[in-house]
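A.B. asks: 3D model of this:
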Amino acid sequence: MGVSALSPTSFMGSFSGLLQVVFLLGLLLLLFKIVQFYLHRLWLLRALQQFPSPPSHWFFGHLREFQKDQDLQKIRQWVEEFPSAFVLRLQGNEIHLMLYDPDYMKVIMGRSDPKFHGNYKFLAPWIGYGLLLLEGQKWFQHRRMLTPAFHSDILKPYVELMVDSVQMMLDRWEHVSEDSPLEIFDHISLMTLDTIMKCAFNHQSSAQLDRLSSKGRWFFHSCQLARKHTDRVIKLRKAHLQKEGELEKATSKRCLDFLDILLFAKMENGSSLSDEDLRAEVDTFMFEGHDTTASGISWILYALATHPEHQQRCREEIQSVLGDGASISWDHLDKMPYTTMCIKEALRIYPPVPSITRKLSKLVTFPDGRSLPKGIVLLLSIYGLHHNPQVWQNPEVFDPCRFAPDSDRHSHAFLPFSGGSRNCIGKQFAMNELKVAVALTLLRFELLPDPTRVPIPIPRIVLKSKNGIHLHLKKLQ
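C.D. replies: A predicted model of the protein is given here:
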């Protein structure tokens, strides 16, 4: 008895029935997602109901408030209106609590909550999982291993490398017309990249020369080029150190670079970092020590340009310390108190990292009694904290005296390098570079703002300007 072929009518009926099943399953999945979305949103709103929230759209949240790059102005408005914290609704279920109160900051930074990787995950393919992105025990191990790399004995020789990079940049600025304003952020970014290349690899980078020549490219290309060579440099350095006697020679060098420190570092069990971990830590060091420092230097110079009386007082102090010399050493760095006060005040007004995130790993109770459950995402607004009128009187006024030696302030009122156990491990390295760049620049140039192009600060991973930072450079005799 033969098998009869499936008739077209039967086939269409079976296919139609299959489509109906698929459709119903899809509909059920959609309904499940909608219910899940609704319940999670309801949980978030209930968990955050103790905190105020600015009026928002039912679906777009506060996104419409952040238009035309007015984010920071809106944050300043809400910081003044809502004490301590407010609920920020971005879109859908992106509902977070923004903090800018020093007591709140102290509580959160004293814990070990992980970062909210939704804000950082795009960095992983570039810099890997180094200190910036690591969590838990592995982060703790790496932090302990890397801490000796930022000891003063290691940092001292770096000052000379910083001087070389800054002087190269200033030499280029000598050829800029005083009548033509210069966009400084681009130049400073390449200078800090030069410094990092020297300190990380003992590598003499030509990034500044390449960028400013006819063959120049956007400075991020230099970062990407350095990223590609990280593996090769690590491999070559390890091969050299494996030769008999090379370890002793390396440790007796006048200047150990960051890669040397990583290669010699040992965990408690005696093991070394894997090649992947080495690459991640080197790339993290380059990323964090390049872009954030460039932001800090650029905004500091802008702040001094717009406050000539403070600029001149800094210049006179630097001249009294350095005399006729055109260089600066480690011993000079602590002999410029007023310049340091101005640097800190500029970092207050223009924090290089405007905000950081945390995702609560357990319940937290703040000093005022309000609590939040596990799973809530917090936005710790460094910018909001630094512009909080309840913390800083007249916060928009540039007043270096806030940082006078006898000044009194909350331990968590000023956090340009974050705070707690996850504070910036390279903060002393960064401060040294800020001082070197400011001191050498003020010795050679008077800085004047360009009134036709006032910078518009925008919060990205680092604080940048939508329209660049343009200054007139007047050469000094």
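A.B. asks: Please make it C-alpha for all contacts and neighbour counts, starting now.
C.D. replies: Fine.
A.B. asks: Stretch 366-380: end-to-end distance?
C.D. replies: In stretch 366-380, first residue to last residue: 14 Å (CA to CA, to the nearest Å).
A.B. asks: Please renumber the chain so that the first residue is 666 from this point on.
C.D. replies: New numbering, starting at 666: the last item is stretch 1031-1045.
A.B. asks: hey, where'd the helices end up in the stretch 966-1115 of the chain?
C.D. replies: Along the stretch 966-1115 of the chain, counting by DSSP state H, counting those that start in this stretch, helices occupy 973-987, 1002-1014, 1047-1051, 1092-1109.
A.B. asks: what packs against the longest one?
C.D. replies: Pointing back at helix 1092-1109 there. Judged by 3 or more CA pairs under 8 Å, 6 or more residues apart in numbering; DSSP states H and E, helix 1092-1109 is in contact with helix 823-838, helix 940-970, helix 973-987, helix 1002-1014.
A.B. asks: pLDDT averaged over it, what's the number?
C.D. replies: Helix 1092-1109 shows a mean pLDDT of 96.
A.B. asks: Can you give me the buried ones in that helix?
C.D. replies: Buried positions in helix 1092-1109, judged by neighbour count with 16 or more other CA atoms under 10 Å: 1092, 1094-1109.
A.B. asks: same question, the first one
C.D. replies: By neighbour count, with 16+ other CA under 10 Å as the criterion, the buried positions of helix 973-987 are 975-977, 979-984, 987.
A.B. asks: quick check: longest helix of the chain.
C.D. replies: Looking across the chain with DSSP state H, the single longest helix is helix 673-712.
A.B. asks: That one - contacts with which helices or strands?
C.D. replies: Against helix 673-712 (3+ CA pairs under 8 Å, 6+ apart) you get no helix or strand.
A.B. asks: List the buried residues in it.
C.D. replies: 706, 709-710, 712.
A.B. asks: where are the low-confidence patches of the chain?
C.D. replies: Applying pLDDT under 70 to the chain flags the ranges 666-678, 680, 733, 782-791, 868-894, 906-921, 931-935.
A.B. asks: Recalculate using a threshold of 50.
C.D. replies: Scanning the chain for pLDDT under 50 picks out 666, 877-884, 909, 919.
A.B. asks: Would you mind measuring from K780 to D829?
C.D. replies: K780 sits at a distance of 36 Å from D829 (criterion: CA to CA).
A.B. asks: I should have written Q1058 there, sorry.
C.D. replies: Taking CA to CA, one finds Q1058 at 39 Å from D829.
A.B. asks: ok, these two, which is more surrounded?
C.D. replies: Ranked by neighbour count (other CA atoms under 10 Å), Q1058 and D829 place D829 first, with 16 against 11.
A.B. asks: Surely K1131 is in contact with P1120?
C.D. replies: Yes. Counting by CA atoms under 8 Å, P1120 is a contact partner of K1131 at 6.9 Å.
A.B. asks: what about those two, which has more around it?
C.D. replies: Using other CA under 10 Å, the more surrounded residue of K1131 and P1120 is P1120, with 18 against 12.
A.B. asks: The more buried one: helix or strand, and which one exactly?
C.D. replies: P1120 belongs to no helix or strand when assigned by DSSP states H and E.
A.B. asks: So it versus E848, what's the distance?
C.D. replies: Applying CA to CA, the value for P1120 to E848 is 10 Å.
A.B. asks: which neighbours do these two share?
C.D. replies: Overlap of the contact sets of P1120 and E848 (by CA atoms under 8 Å, 6 or more residues apart in numbering) consists of 1133-1135.
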